[in-house]
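3D, please:
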Amino acid sequence: MTGIDGVARALGVSTATVSRALRGLPGVSAATRERVRAAAEELGYVPSSSAAHLASGRTMALGVLLPRIDEWYFAAALEGVDRALRAAGYDLVVFSLGGSGRNRERVFHRSMLRKRIDALLLMCLELTPQELAALQQLDYPNLTVGGYVEGLRNVGIDDDAAASEAVEHLVGLGHRKIAYLAGGDGHGVHFSVPSRREAAFRRTMRRHRLPVRPEWMIFGDFRFGAAKEAAARLLEAPGDRPTAVFASSDEMAFGVLAAAQEHGVPVPQELSVIGIDDHDFAAPLGLTTIRQDPREQGSFAAELLLAELQGAPPQPDPPWRPHELVIRRSTAPPQEKF
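The predicted structure is shown next:
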């Protein structure tokens, strides 16, 4: 197996340049860094992680703190983070809160404080004042992804605009009886995305002078099963029924589609359904949705932190990531006339 001297000789550079390139330190051009990595891989040189850590004071690892790992958005965003980290020679360390108060305490007061990471991404959660204080005491850069934490920078879509656009699509089709399927805290994890999307729904409905009926404000916990049960209760309720449902995530919209099928309610003839995400199953199921790209969001956030670790100035207000309306077969004008 070749050592660092062999890589340096093969490229005609100093061992210091090879070391800096492989450790992601500033002072090495992107082209040289790529040449060094390619040569090291070809020659079979594997740098000692412990030596690099001692020399640089870095772990060459980036942490991701998330509420749980069993949702599409989290998995997709993690995929994007991992892609960016692997390209930079960094490892990914995942801290899952799992909804448990005891687990949260372990993560915040033991795991992260052990300096196992060089930077941290927080995904879709809010922090208690004590947790935020513990995080701010740490000396590594951080960002939030897909949510908002007071005092921290965020990478994600404009949830207010995305939710408003979904309602505008339904109203533009002629819908006046619109139900809202909310996500939120069902597992001890709070974050601001659900409240922002619901507030935008209410605000847009008011702007069009449309009623927000309490019995049509239902809860699905961002999960298929809970959303299906909530939609079933909505469809089974006596009296007037909505002509459209805005689900604040695609996974919940899938639950609405399943409930409608089981209850013999044709979509979109009698019930239009729209979500947010553009989940991998949205296109096959014909779901109209507001598309976002969590993989791109994860990569973008990771690249911001990696750049800061190499000496780039922090970006105080990262730009909104893109979203767009994708119209498929699950929405259409209502059959009833107004």
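
what ranges do the helices span in the stretch 101-250 of the chain?
For the stretch 101-250 of the chain, the helices defined by DSSP state H, counting those that start in this stretch cover 101-106, 129-137, 159-173, 193-207, 224-236, 250-262.

ranking these by mean pLDDT, which is last?
Among the helices of the stretch 101-250 of the chain, helix 101-106 carries the lowest mean pLDDT, a mean of 67.

which residue lies nearest the spatial centre of this structure?
Gly146 (4.3 Å; C-alpha atoms, centre = their mean).

so that one makes contact with Ala76?
No. The criterion here is C-beta atoms under 8 Å, and Gly146 misses it with Ala76 at 10.1 Å. All C-beta spots, glycine's among them, are computed from the backbone N, C-alpha and C.

now do the shared contacts for these two.
In terms of C-beta atoms under 8 Å, 6 or more residues apart in numbering, Gly146 and Ala76 are both contacted by the residues Pro294.

and the strands in the stretch 1-150 of the chain, which stretches?
Ranges of strands in the stretch 1-150 of the chain, per DSSP state E, counting those that start in this stretch, are 61-66, 91-96, 119-123, 142-145.

adjacent strands (with direction) for the last one?
Based on DSSP bridges, the pairing partners of strand 142-145 within the sheet are strand 119-123 (parallel), strand 154-155 (parallel).

neighbours around Leu173, how many?
Residues near Leu173, counting by other C-beta atoms under 10 Å, number 18.

same question for Gly98.
Neighbours around Gly98, by other C-beta under 10 Å: 17.

tell me, what's the model's pLDDT at the closest residue to it other than its chain neighbours?
Leaving out its chain neighbours, the residue that sits closest to Gly98 by C-beta to C-beta, 6 or more residues apart in numbering is Arg68, at 5.9 Å. For Arg68, the pLDDT comes out at 81.

need phi/psi at Arg68.
Main-chain dihedrals, Arg68, degrees, to the nearest 10: phi -160, psi 170.

burial count for it?
So Arg68, with other C-beta under 10 Å, has 16 neighbours.

for Pro322, give me its contacts.
So Pro322 contacts 157, 292-293 (C-beta under 8 Å, 6+ apart).

can you confirm it is in a helix?
No. The assignment for Pro322 (DSSP: H, G, I helix; E, B strand; the rest coil) gives coil, which keeps it out of a helix.

for the stretch 51-200 of the chain, which spans come out with low pLDDT?
51-57, 99-103, 105-115, 185-191 (pLDDT under 70).

could you redo the last one with a cut-off of 80?
Along the stretch 51-200 of the chain, the parts satisfying pLDDT under 80 run over 51-58, 97-116, 125-128, 130-139, 150, 184-191.

how near is the closest residue to Ser249 other than its chain neighbours to Asn142?
In this structure, Ser249 finds its nearest non-sequential neighbour in Phe222, 5.2 Å apart by C-beta to C-beta, 6+ apart. Taking C-beta to C-beta, to the nearest Å as the measure, Phe222 falls 24 Å from Asn142.

more neighbours: which of these two?
In terms of neighbours (other C-beta under 10 Å), Phe222 is the more surrounded of Phe222 and Asn142; the figures are 27 against 20.

residues in contact with that one?
71, 183-184, 186, 194, 248-249, 251-252.

re the thing from before, contacting residues around the residue nearest to the centre of the chain?
Contact analysis of Gly146 by C-beta under 8 Å, 6+ apart lists 73, 77, 123-124, 155-156, 193, 294, 297.

out of those, who's nearest Gln261?
Of all the contacts of Gly146, Tyr73 has the smallest distance to Gln261: 24.3 Å, by C-beta to C-beta.

okay, now that closest one: neighbour count?
24.

right, so of the strands of the stretch 1-150 of the chain, which gets closest to Ala10?
strand 91-96 (25.7 Å).

excluding chain neighbours, give the residue nearest to Phe74 in space.
In space, and not counting its chain neighbours, Phe74 is closest to Leu66: 5.3 Å by C-beta to C-beta, 6+ apart.

hmm, I typed the wrong one, I wanted Met252.
Ala227 (3.6 Å).

doesn't Asp221 make contact with that neighbour?
Yes. Ala227 sits in contact with Asp221 when judged by C-beta under 8 Å, with a separation of 7.5 Å.

okay, these two: which has more neighbours?
Using other C-beta under 10 Å as the criterion, Ala227 and Asp221 rank with Ala227 on top: 31 against 22.

quick one, what contacts the more buried one?
181, 220-221, 247, 251-256.

which one of those sits closest to Arg329?
Closest to Arg329, out of all of the contacts of Ala227 and judged by C-beta to C-beta, is Ala253, at 12.9 Å.

what domains does the record give for the protein?
4-56, 61-156+294-310, 159-292 (the TED database).

what's the burial count for Gly275?
30.

over to it. Which of the three states is it?
Gly275 ends up strand, using three-state DSSP.

before we move on, what about the one 10 residues further on?
Assigned by three-state DSSP, the conformation of Leu285 is coil.

residues touching it, list them.
With C-beta under 8 Å, 6+ apart, Leu285 has these contacts: 254, 257, 330.

dump these to TSV, plus neighbour count and distance to Val265.
Below are those laid out as TSV (neighbours: other C-beta atoms under 10 Å; distance: C-beta to C-beta, whole Å):
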residue	neighbour count	distance to Val265
Phe254	22	15
Leu257	24	10
Ser330	24	12
